[in-house]
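**Student:** have a look at this prediction, sequence included:
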Amino acid sequence: MSTQHLNIPPENHVKVLDGQGWVGLIDHLGSETTIVNAARVSFGKIKNTMDERDVTLLKYLIENHHTSPLEHLVFTFSIHCPLFIRGQWHRHRTWSYNEISRRYTEIDLEFYTPGKLRKQAETNRQASVDSPDFEDASYREMIRKHNEESLALYNRLLDAGVCREQARGVLPQNMMVTFWGTVDLNNLLHFLFLRDSEHAQWEIRQYAKAIKQLIRPIIPHVAEYYGDKW
Ligand SMILES: Cc1cc2nc3c(=O)[nH]c(=O)nc-3n(C[C@H](O)[C@H](O)[C@H](O)COP(=O)(O)OP(=O)(O)OC[C@H]3O[C@@H](n4cnc5c(N)ncnc54)[C@H](O)[C@@H]3O)c2cc1C
């Protein structure tokens, strides 16, 4: 039996944030056929393949918010993202999560350095704006250095015998974390609606787009229903 470190992306993954983060599909249960079968349970009928009528039914279910059949299709993802994105992600309570613990391990610490800094939006306190002429190289270097210095302090505390659970408090929000998240299709579509939106932070939006790419082959007609929003 072999073991693999959680920070190594699974075979089926999409890189995001200039390759510093990724999201991988670990497993899934069910297919689009499962959804239409679940909808037909009411009539006591089950099929093994999808035909045109099933595709019409599938789109009808989404269109009319008949969502419970969508809950029979379940996905498990492995996500490698900055701590500040994990904070936003874990607000989605309908997912189940398990995460690498910094109480157990101090190895493989990684930090995110943005490839491009955006400016604060003036009209919306939650938003940012792209500024192509923003000379950000020196600020990105400061962030990289700050990450490095935080790690040095963390290691110094550990060397002095401070416990991991307290020493981790000096690690910045840019620290990369890895977690598993399991969710059914209905709640995943809700997540994708909220997080692949121009209202969402650019970084989490990249993860939402990557998830769309990963699951498209499993739910081609659902993706087709959403058209250019997918
Ligand atoms: C652009 C954006 C900005 C945001 N800004 C902020 C912010 O400034 N501050 C902040 O605190 N949060 C913020 N959030 C988080 C937001 O308030 C939600 O917590 C997050 O989007 C999860 O959404 P949700 O509750 O619908 O999802 P889930 O937790 O996955 O729930 C899915 C659905 O299940 C139902 N549900 C789940 N739990 C309950 C419950 N306990 N009671 C009743 N129904 C439930 C609801 O219908 C819910 O829509 C922001 C989110 C976005 C997308």
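**Tutor:** It's in.

**Student:** helices of this structure, start to end?
**Tutor:** 32-40, 52-63, 83-89, 137-159, 164-167, 185-195, 202-215, 220-226 (DSSP state H).

**Student:** take those and write them to TSV, including mean pLDDT, distance to the ligand and mean neighbour count.
**Tutor:** Any C-beta I mention is one placed from the backbone N, CA and C, and that applies to glycine too. Converted to TSV, those look like this (pLDDT from 0 to 100; distance: least, Cβ to the nearest ligand atom, whole Å; neighbours: other Cβ atoms under 10 Å):
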stretch	mean pLDDT	distance to the ligand	mean neighbour count
helix 32-40	94	19	19
helix 52-63	95	16	15
helix 83-89	97	7	18
helix 137-159	95	23	14
helix 164-167	93	25	14
helix 185-195	98	4	19
helix 202-215	98	8	20
helix 220-226	96	17	16
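
**Student:** now the ones you listed as TSV including distance to Q20?
**Tutor:** TSV is the format used below for the helices of the chain (distance: least, Cβ to Cβ, whole Å):
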stretch	distance to Q20
helix 32-40	33
helix 52-63	34
helix 83-89	11
helix 137-159	11
helix 164-167	23
helix 185-195	18
helix 202-215	10
helix 220-226	27
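
**Student:** among the ones you listed, which comes closest to R102?
**Tutor:** helix 164-167 (6.0 Å; Cβ to Cβ).

**Student:** can you name every helix or strand that that closest one contacts?
**Tutor:** Judged by 3 or more Cβ pairs under 8 Å, 6 or more residues apart in numbering; DSSP states H and E, the packing partners of helix 164-167 are helix 137-159.

**Student:** which other residues reach the helix it packs on?
**Tutor:** 106, 109, 111-115, 117, 164, 166-168, 170-172, 174 (Cβ atoms under 8 Å, 6 or more residues apart in numbering).
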